[in-house]
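Asker: Got a predicted model here, sequence first, then my questions.
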Amino acid sequence: MLRQTLNITAMNLRNVLSRKGSSSIIVVGVAGVVAVVVALLSMSEGIKSALTDASHPDRVVVMRTGTQDEVTGWLSGAEVNVLKGIEGIGTASGELVVVVDLVTTQTGKPGVAVARGVGASAFEVRPDLKVVAGRPFQPGKNELLVGVNASETYAGLGLGSTVAFRNQSWDVVGYFDAGGKAHDSEVWMDLPIAQAAFRRDGVVSTARALLDSGRDAALVRERIRQEPRLRADLVGEQDFYAQQSAAKTGLVESFAYLIGAIMGLGAVIAAINTMYASVSTRSVEIGTLRSLGFSNVPVVVSVMVEAMLLALVGGLLGSAIVYLLYDGFASSTLNVGSLSQVAFEFSVTPRLLLVGLTSALLLGAVGGLLPALRAARLPVIAALRSG
Amino acid sequence: MSELIRCTNVCKDYHRGAQSVRVLDNVDFSVEDGAFVALMGPSGSGETTLLNLIGGLDAPTSGEIEVDGLRLDSAGAKSLALWRARSVGFVFQFYNLLPVLNAQRNVELPLLLTRLSRSERRENADLALNIVGLGDRGGHRPGQLSGGQQQRVAIARALVSDPCLLVCDEPTGDLDRTTADEILALLQTLHRELGKTIVMVTHDPKAAHHAEYTLHMDKGKLVAKPGSARPGA
């Protein structure tokens, strides 16, 4: 049976070349589906990566209990001081997170950027952050240290230039690189200057802290909960960014699968038609093989294999197109949590390619099944007469 | 000689919607092992249907068909397929060769259903091609061969698994007279020298003359015609 199947399948595949036109319908249809789905998923992957990869396993975010994002949170300076005294907290940085109006380079229209007022301790809790051009802002001055992605996302943030918001002028004195991730879309400034400009005297939005090495975050969280002078909760930075990205990526992924399903339905119908035509073209051949004593199984398998191989070629084509056009493609999107733009790069990962190719095979299998069954059920005499 | 084919009260009906058309009507006949029989009749008289039943490609509506010891009317699809692979060689009017395979691979096809090794299969295919006089055309694809040569390849394919019965459906219907005579002579050789039983449907009286005897059909029944009786009958 295996030999029959292999031989008939091989014969059938040789026939595919003589049916290039109809076969290409499956290839192009599936390539389109895979390209769209993988492109959308690579966008989601990129956003996820932008928001989570900068996280440090020992770095935590301390926020007012009940708040979900940094912009709406608040802690008093006194609470930050209490936090610094909690056992297990190594370094803590109270930070004011606000949004400012800037013009986006992509559209030339007003957009919002995250501005973060920080003190010197912000750099201590983020040892991986580097100033890559210019210098850090000086305390007490209206100076901005701009994330490398923000410098490209927003207009007027060239090194040495001056930008205006909150009725004040701000000098861009340097760029920082946080590893191509969320902070890179932000502009940083001195905390007391930010508190004055945004009328948040003595208040910060959240605190970032590095746990002492080897400390259990759950234990520290429990200590914070039991501390009566603090009404705050601790969340790991990775979890925090995962929550931030979940809404956005969930939406993108749902959209990807919805569009994929709709397009996939079209591709399956095209595949079914193509394979019906293929079976029809080969019906005399199928009838001849059956009259010689070949059974149904190799016929079914050969039709299925043909459909799946054509779909796989389509999947490879779609994946290749997306990889070449989109992998690393820089874009930005609105972060729902902060209502600000987050720069990200489309990321066509091996996992997504696998998803694309698996989808292609599935489309091929579904598209080939009915024609394969029809081929198997075709009476020998009817098949022989169809020529 | 023993009987190779025995048909008893064979009927075959085709249904078109609610309408039933009787194509074979209580056909009784037998064919001895090693005979060469022509089946003739006007178009639509049921001769091809009878051939398909004898070849195990179709099932009768009623009646019994026994060929080479197997009751075809009660056999399942799987055992019929196995039986066809072992006992019957088919020769079609339009050759039915697979265009993507060369002559040798076309002839080798039925042997894929056996346990023969690849080299044994190739050896047998070459032998069959030699028998039909195309030993030097094994590498040619059907499109590179003439109609007569394609039919010879088809006959080689029918022969290669050494079946006891060759079932030929208008084997010369698509060929010119000279080529048709060559093919019929080849069938005669296979019958005389290899002892193959051959049942051939034809509308050509000259082709029928190559057979040992002719059975005539009309309106689904076998009819007697002068000069068409089987030897010794």
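Answerer: Structure's in. What do you need? Bear in mind that the values here come from a model prediction, so they are computed numbers and not experimental data. Numbers count the residues shown, from 1 in each chain, chains lettered A, B, ... in the order given.
Asker: Just give the nearest non-adjacent residue to whatever residue of chain A ends up closest to chain B, would you?
Answerer: Residue nearest to chain B within chain A: A:G293 (2.7 Å; C-beta to the nearest C-beta). Heads up, the C-betas are built off the backbone N, CA and C, glycines and all. Closest residue in space to A:G293, ignoring its immediate chain neighbours: B:A85 at 2.7 Å, by C-beta to C-beta, 6 or more residues apart in numbering or on different chains.
Asker: Hmm, the residue of chain A closest to chain B is touching B:L111, no?
Answerer: No - the criterion here is C-beta atoms under 8 Å, and A:G293 misses it with B:L111 at 10.6 Å.
Asker: where exactly do the strands run in the stretch 101-250 of chain A?
Answerer: Using DSSP state E, counting those that start in this stretch, the strands of the stretch 101-250 of chain A run over A:110-118, A:130-134, A:143-147, A:162-165, A:168-177, A:186-190, A:203-204, A:206-211, A:232-236.
Asker: Same check on chain B?
Answerer: B:3-16, B:19-32, B:36-40, B:62-67, B:70-71, B:88-91, B:165-169, B:197-201, B:213-218, B:221-223 (DSSP state E).
Asker: Contacts only, for whichever residue of chain B sits closest to chain A.
Answerer: Distances between chain B and chain A by C-beta to the nearest C-beta are smallest at B:A85, namely 2.7 Å. Residues in contact with B:A85 (C-beta atoms under 8 Å, 6 or more residues apart in numbering or on different chains) are A:L292, A:G293, A:F294, B:P110, B:L113, B:T114, B:S161.
Asker: Help me confirm that the last one comes into contact with B:E108.
Answerer: No - checked against C-beta under 8 Å, the pair B:S161 and B:E108 is beyond contact range at 10.2 Å.
Asker: Those two: who's more crowded?
Answerer: It is B:E108, of B:S161 and B:E108, that has more neighbours when counted by other C-beta atoms under 10 Å in any protein chain shown, with 26 against 23.
Asker: For the residue lying closest to that one once chain neighbours are set aside, which residues are in contact?
Answerer: Of all residues not flanking B:E108 in the chain, B:A125 sits nearest, at 4.3 Å (C-beta to C-beta, 6+ apart). Taking C-beta under 8 Å, 6+ apart, we find B:A125 in contact with B:Q104, B:R105, B:V107, B:E108, B:L111, B:G138, B:A156, B:V160.
Asker: again, 6 Å this time
Answerer: For B:A125, the contact set (C-beta atoms under 6 Å, 6 or more residues apart in numbering or on different chains) comprises B:Q104, B:V107, B:E108, B:V160.
Asker: Which one (most neighbours) among these?
Answerer: B:V107 (31 neighbours).
Asker: Pull the contacting residues for that residue.
Answerer: By C-beta under 6 Å, 6+ apart, the contact set of B:V107 is B:A125, B:A128, B:L129, B:A156, B:R157, B:V160.
Asker: And the pLDDT at the residue lying closest to it once chain neighbours are set aside?
Answerer: Leaving aside its chain neighbours, B:V107 sits nearest to B:A125 (4.1 Å; criterion: C-beta to C-beta, 6+ apart). Looking at B:A125, its pLDDT stands at 94.
Asker: Quickly note the distance from B:A125 to B:D33.
Answerer: Look at B:A125 and B:D33: by C-beta to C-beta, to the nearest Å, they are 26 Å apart.
Asker: Next, name the residue at the spatial heart of chain B.
Answerer: Nearest to the mean C-alpha position of chain B, counting by C-alpha atoms, centre = their mean, stands B:V167 at 1.0 Å.
Asker: Hmm, B:G56 and that one touching each other?
Answerer: No - taking C-beta atoms under 6 Å as the definition, B:V167 is not a contact partner of B:G56, at 9.0 Å.
Asker: Which residues belonging to the lengthiest helix in chain B are considered buried?
Answerer: In chain B, taking DSSP state H as the definition, the longest helix is helix B:177-194. Buried residues in helix B:177-194, counted by 16 or more other C-beta atoms under 10 Å in any protein chain shown: B:T179, B:A180, B:D181, B:E182, B:I183, B:L184, B:L186, B:L187, B:L190, B:H191.
Asker: do stretch B:51-71 as well
Answerer: Neighbour-count burial for stretch B:51-71 flags B:51-60, B:63, B:65-68, B:70 (criterion: 16+ other C-beta under 10 Å).
Asker: And stretch A:244-264, by the same measure?
Answerer: Going by neighbour count (16+ other C-beta under 10 Å), the buried part of stretch A:244-264 is A:Q244, A:S245, A:K248, A:T249, A:V252, A:E253, A:A256, A:G260, A:M263, A:G264.
Asker: Return every residue with contacts to both of A:G293 and B:L111.
Answerer: With contacts taken as C-beta under 6 Å, 6+ apart, A:G293 and B:L111 have no neighbour in common.
Asker: Which residues of chain B lie near chain A?
Answerer: Residues of chain B lying near chain A by C-beta under 6 Å from any C-beta of the partner chain: B:52, B:57-58, B:81, B:84-85, B:90, B:96, B:98, B:100, B:109-110, B:112-113.
Asker: Tell me which of these has the lowest pLDDT.
Answerer: B:V100 (83).
Asker: Quick check: closest non-adjacent residue to that one.
Answerer: Leaving aside its chain neighbours, B:V100 sits nearest to A:R14 (4.2 Å; criterion: C-beta to C-beta, 6+ apart).
Asker: related to what we said a few turns ago, same list (the buried residues of stretch A:244-264) but as a markdown table, adding pLDDT and distance to A:G88.
Answerer: Output for the buried residues of stretch A:244-264, formatted as a markdown table (pLDDT from 0 to 100; distance: C-beta to C-beta, whole Å):
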| residue | pLDDT | distance to A:G88 |
| --- | --- | --- |
| A:Q244 | 73 | 24 |
| A:S245 | 70 | 27 |
| A:K248 | 70 | 32 |
| A:T249 | 74 | 31 |
| A:V252 | 76 | 37 |
| A:E253 | 79 | 36 |
| A:A256 | 77 | 41 |
| A:G260 | 80 | 46 |
| A:M263 | 81 | 51 |
| A:G264 | 79 | 50 |
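Asker: Looking at those, which is nearest B:H15?
Answerer: Set against B:H15, the nearest of the buried residues of stretch A:244-264 by C-beta to C-beta is A:G264 (39.4 Å).
Asker: Ramachandran coordinates for the closest one?
Answerer: Per-residue torsions, A:G264: phi -60, psi -40 (degrees, to the nearest 10).
Asker: Now do the contacts for the spatially closest residue to it that is not a sequence neighbour.
Answerer: Nearest in space to A:G264, with sequence neighbours left out and distances taken as C-beta to C-beta, 6+ apart, is A:V33 at 5.0 Å. By C-beta under 6 Å, 6+ apart, the contact list for A:V33 reads A:M263, A:G264, A:A267.
Asker: Which pLDDT value belongs to A:V33?
Answerer: Looking at A:V33, its pLDDT reads 87.
Asker: Helix or strand for it, just tell me which one.
Answerer: Here A:V33, judged by DSSP states H and E, is contained in helix A:20-52.
Asker: buried ones in that helix?
Answerer: Buried residues in helix A:20-52, counting neighbours by 16+ other C-beta under 10 Å, are found at A:22-23, A:25-27, A:29-52.
Asker: Could you check how far B:Q188 is from B:T197?
Answerer: B:Q188 is 13 Å from B:T197, where distance means C-beta to C-beta.
Asker: Roughly how far does A:V125 sit from A:T72?
Answerer: 21 Å.
Asker: Between those two, point out the one with more neighbours.
Answerer: The residue with more neighbours, out of A:V125 and A:T72, is A:V125; 22 against 15, by other C-beta under 10 Å.
Asker: need the contact list for the more buried one.
Answerer: The contact partners of A:V125, by C-beta under 6 Å, 6+ apart, come to A:T91, A:S93, A:R208, A:L210.
Asker: Which pLDDT value goes with it?
Answerer: Predicted confidence (pLDDT) for A:V125: 90.
Asker: Next one: it from B:F90, what distance?
Answerer: From A:V125 to B:F90 the distance is 83 Å (C-beta to C-beta).
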